[in-house]
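J.: below: sequence and its predicted model.
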Amino acid sequence: MTKKTRLELTWIGKDQRPKIEPRILLEDSTLSRHAKARRSDDDIFDNILIHGDNLLALRALEASHSGSVKLIYIDPPYNTGSAFAHYDDGLEHSLWLSMIADRVRILHRLLREDGCFFVQADDNEAHYLKVVCDEIFGRKNFISSFIWRKVDSPNDNKVPVTPDHEFIFGYAKNISSAKLHQRADESLLQAYRGPDEDGRFYRDRLLKKNGKNSLRIDRPTMFFGVTDPDGNNIFPEHDDGREARWALGKDAVTQLVAEGKLIWKKRGDPGSERWVPYTREYAKESPTRPYNSIWADLPTTRQTKAHQKEIFGTGQEFSTPKPEELIERLILMCTVDGDIVLDSFAGSGTTGAVAHKMRRRWIMAELGDHALTHIVPRLQQVIDGTDHGGITEAVGWQGGGGFRFYTLAPSLLTKDRFGNWVVSKEYNAPMLAEALCSHLGFIYAPSHDSADYWRHGHSTETDFIYVTTQSLTYDALKKLSEEVGPNRTLLVCCKAYNAKEDSFPNLTVKKIPHSILSKCEWGRDDYSLRIANLPQASVAEEAADVANDGNATNASRPAAALPLFDSMGDE
């Protein structure tokens with residue numbers, strides 16, 4: 001049997017995926033923000049802002065949010081080779097692809113079955129990015145590529161072509177489950193008459209089929225007689241005398257006649273008039289149409305900078321900000337009130353600000369210092385109702401709600417002075433229990449009942465986990481087994497134990513940290529790539545590169561030896 005092959009994009013280091021530690025999140029209440037009073041019952045206070053490496057942040061979210069996010073929008077750095085004020089946007093091509101792929105795989109797992117994913121890019125990497133996303137999401141789940149016109153002012157005339165646009169690639173987790181909303185468009189009513197006596201707009205359509213496949217021979221069963229107001233039996237016929245067919249079947253026409261909904265109108269010159277049947281179509285109360293794929297009607301970068309100057313002050317705005325109206329469009333297209341919106345390249349916090357104003361729940365992650373200098377102050381203005389720009393007026397936002405500010409816990413394991421792996425002293429008992437739940441696939445949910453002190457989390461209704469730093473004797477395990485009972489199972493994580501592995505059928509006992517040592521990379525806090533941190537290629541490496549492909553690149557260096565990228569996002 002031959003091995004099935006598939007079309008895919010390959011690059012150096014593609015298969016060298018990092019083993020990411022599932023950190024836990026620690027709230028910094030001094031940076032969390034909440035409105036002083038509840039403005040409505042719809043106020044949302046548990047939004048999440050994570051300050052830290054976004055690959056670690058996404059891994060941390062898997063335990064609590066897998067399959068729960070309705071909309072993901074990311075605006076990763078475009079790999080242009082240019083240095084921006086808030087991040088270095090220039091990576092060796094294969095590293096950029098690995099950075100994207102590692103994150104998109106986790107984002108895919110976080111999406112709901114009916115969720116949607118949008119990623120923005122320019123010509124530098126867009127078409128490679130599309131192939132990577134095709135592989136992860138499946139080509140059948142591709143929605144469309146949207147074009148945003150980002151420039152509305154004269155460009156540099158020293159370049160051969162001015163780049164006025166960026167791409168936004170849209171994907172569904174499952175295209176058969178995702179339902180995209182349409183946009184309101186009152187101009188559609190111009191194609192209707194009315195309103196009638198009931199206040200409805202309408203238009204009448206010929207019962208006779210026109211255009212393609214409109215002949216009797218195309219659909220013989222739809223050629224039949226219909227009685228006109230004068231009692232004559234008429235048949236569908238084109239103006240050139242060819243036998244036509246009706247647009248509806250006999251049963252449907254019979255029902256229209258019975259309900260008195262078939263419209264008859266006199267047509268033709270005086271003296272040769274004849275009755276012609278029509279069906280009446282009513283406009284929707286709120287007419288809508290699908291979103292188009294070219295977005296030239298949204299604010300541009302120049303206009304968006306003006307809003308950012310109002311928020312952050314002159315000189316503090318981002319170089320390439322995205323307009324709130326762009327994020328609003330994606331949210332309108334894919335979500336309803338209360339849905340979760342996620343952006344793991346938060347930048348200046350546009351996605352969270354828009355989602356907040358639109359009463360969606362939101363999650364953002366950002367590594368850079370602008371999480372503190374830009375995002376927190378910006379969201380404070382949104383909560384206070386003092387941000388009057390962007391979509392504020394359009395959605396009637398007046399403030400309210402809040403968010404929680406989180407950092408990533410330190411690595412769970414560290415080496416002692418003898419080189420042995422031990423649990424970090426920065427972990428207390430609850431933190432250790434939560435971390436072990438994340439590592440071993442349990443939901444952290446400690447029992448508040450002292451009788452069930454051993455219930456720190458669960459994987460099913462009858463399978464639990466207990467985490468302790470104690471060494472457990474045979475008698476202690478025997479007592480624990482009796483408390484768990486024959487209808488439940490318990491994973492026990494402890495420092496050491498004195499019993500055979502099969503002594504208690506309802507218990508599985510593991511030592512920590514030995515049971516998790518090989519699960520991930522320990523002590524790695526930064527999966528970002530900063531250009532200054534890249535190792536300088538040696539003369540031998542450069543010569544080998546030239547010999548291999550004629551270009552002096554760093555491609556021959558193992559990708560695993562280089563950290564992956566994470567930094568400013570939506571702008």
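T.: Sure, I can see it. The model shown is predicted, which means the values in this text are computed figures rather than measured ones. Residues are numbered from 1 along each chain as shown.
J.: in the chain, what helix or strand scores lowest on average pLDDT?
T.: helix 539-549 (a mean of 40; mean pLDDT, DSSP states H and E).
J.: part of a helix, is Asp297?
T.: No - using DSSP: H, G, I helix; E, B strand; the rest coil, the assignment for Asp297 is coil, not a helix.
J.: look up phi and psi at it.
T.: phi -100, psi 0 (degrees, to the nearest 10).
J.: equivalent analysis for the one 4 residues further on, please.
T.: For Thr301, the backbone dihedrals (degrees, to the nearest 10) come out as phi -60, psi -40.
J.: next: Arg455.
T.: phi -90, psi 90.
J.: give me the distance between the residue lying closest to it once chain neighbours are set aside and Lys511.
T.: In space, and not counting its chain neighbours, Arg455 is closest to Ser447: 3.8 Å by CB to CB, 6 or more residues apart in numbering. Where C-beta positions appear, they are placed from N, C-alpha and C, glycine not excepted. Separation of Ser447 from Lys511 (CB to CB, to the nearest Å): 23 Å.
J.: what pLDDT does Gly13 get?
T.: Gly13 carries a pLDDT score of 86 in this model.
J.: same question, Phe565
T.: Value listed for Phe565 in the pLDDT field: 32.
J.: what's the answer for Ala37, then?
T.: The per-residue pLDDT of Ala37 was computed as 86.
J.: for Gly338, same thing?
T.: Reported pLDDT for Gly338: 95.
J.: can you list the low-confidence ranges for the stretch 301-450 of the chain?
T.: Low-confidence segments of the stretch 301-450 of the chain, defined by pLDDT under 70, are located at 315-319.
J.: for the protein, identify the residue most remote from the centre.
T.: Ranked by distance from the centre of the chain (CA atoms, centre = their mean), the top residue is Gly271, with 65.4 Å.
J.: that one and Glu243: what is the separation?
T.: 25 Å.
J.: quick one: the strands in the stretch 301-450 of the chain, in order.
T.: Under the criterion DSSP state E, counting those that start in this stretch, strands of the stretch 301-450 of the chain are mapped to 340-343, 361-366, 402-408, 413-415, 421-423, 443-444.
J.: redo these as a markdown table? Include distance to Pro323 and mean neighbour count.
T.: Supplementary listing: those in a markdown table, determined by distance: least, CB to CB, whole Å; neighbours: other CB atoms under 10 Å:
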| stretch | distance to Pro323 | mean neighbour count |
| --- | --- | --- |
| strand 340-343 | 15 | 26 |
| strand 361-366 | 17 | 28 |
| strand 402-408 | 22 | 21 |
| strand 413-415 | 44 | 16 |
| strand 421-423 | 47 | 15 |
| strand 443-444 | 39 | 16 |
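J.: and Leu436, which of the ones you listed is closest to it?
T.: Nearest of the strands of the stretch 301-450 of the chain to Leu436, taken as CB to CB: strand 443-444 at 8.7 Å.
J.: which elements pack onto whichever helix or strand comes after that closest one?
T.: Counting by DSSP states H and E, the element after strand 443-444 in chain order, helix or strand, is strand 457-458. Using 3 or more CB pairs under 8 Å, 6 or more residues apart in numbering; DSSP states H and E, the elements in contact with strand 457-458 are helix 429-440, strand 443-444, strand 463-467.
J.: the closest residue to Gly400 other than its chain neighbours: how many residues sit nearby?
T.: Nearest residue to Gly400 in three dimensions, chain neighbours excluded: Arg39, at 3.7 Å (CB to CB, 6+ apart). Arg39 has 14 neighbouring residues, counting by other CB atoms under 10 Å.
J.: and if you look at Pro290?
T.: 12.
J.: from Leu298, how far off is the closest residue to it other than its chain neighbours?
T.: Among residues not flanking Pro290 along the chain, Gln182 sits closest, at 5.4 Å (CB to CB, 6+ apart). Distance of Gln182 to Leu298, computed by CB to CB: 17 Å.
J.: the more surrounded of the two?
T.: When Gln182 is set against Leu298 and neighbours are counted by other CB under 10 Å, the residue ahead is Leu298, at 17 against 14.
J.: show me what contacts the more buried one?
T.: Residues counted as contacts of Leu298 (CB atoms under 8 Å, 6 or more residues apart in numbering) are 148-149, 323, 325-326, 329.
J.: report the two of these separated the most.
T.: Arg149 and Arg329 (13.2 Å).
J.: what stretches of the stretch 1-150 of the chain score poorly on pLDDT?
T.: Counting by pLDDT under 70, the stretch 1-150 of the chain shows low-confidence ranges at 1-4, 80-91.
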